[in-house]
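In: Here is my input; please provide its structure:
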Amino acid sequence: MYAPFARTLSRLRHEKGVSQRQAAQALGVSQALLSHYENGIREPGLAFVVRACDYYQVSADDLLGRQGEGRRPAPAPEEEAAAFLADLCRELCRRSPEQETLLRCLAGELAQPEDPKKSRAVKA
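Out: Numbering: from 1, shown residues only. The predicted structure follows:
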């Protein structure tokens, strides 16, 4: 899940001073689904993003947490893959508590940058 979106969605609701129930009703979703969006559990479709932009009167870039001219460059493919695998491990921990220790260890290793010295030692 794209974390800046979840944080921004929650922040905008708080700034508007409305409850989650009120915002959900205005946005045409259930309160539970809005909670999932705000907590980064689920990703919304484009139709919801458009409704949220209209409701909060912000651009899609603002809602998605994208910065103006100095936008952060896209992550390198390796970083993106490692982040995806770490997220997958966390989800598997949630679904399979008996494997949690092993999966958390794996997720932690994936989040660590690779040591070039170790890579060369293994290849040699």
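In: Tell me who's in contact with the closest residue to Ser10 other than its chain neighbours.
Out: Leaving aside its chain neighbours, Ser10 sits nearest to Glu38 (4.2 Å; criterion: C-beta to C-beta, 6 or more residues apart in numbering). Using the backbone N, CA and C atoms, a C-beta is placed for each residue, glycine as well. Glu38 makes contact with 6, 9-10, 13, 20, according to C-beta atoms under 8 Å, 6 or more residues apart in numbering.
In: got it, and Val50?
Out: Applying C-beta under 8 Å, 6+ apart, the residues near Val50 are Ala60.
In: Dihedrals phi and psi, it?
Out: phi -60, psi -50 (degrees, to the nearest 10).
In: and the gap between Ala86 and Cys105?
Out: Per C-beta to C-beta, to the nearest Å, Ala86 is found 11 Å from Cys105.
In: With neighbour numbers in mind, choose between the two.
Out: Neighbour count, other C-beta atoms under 10 Å: between Ala86 and Cys105, Ala86 has more, with 19 against 11.
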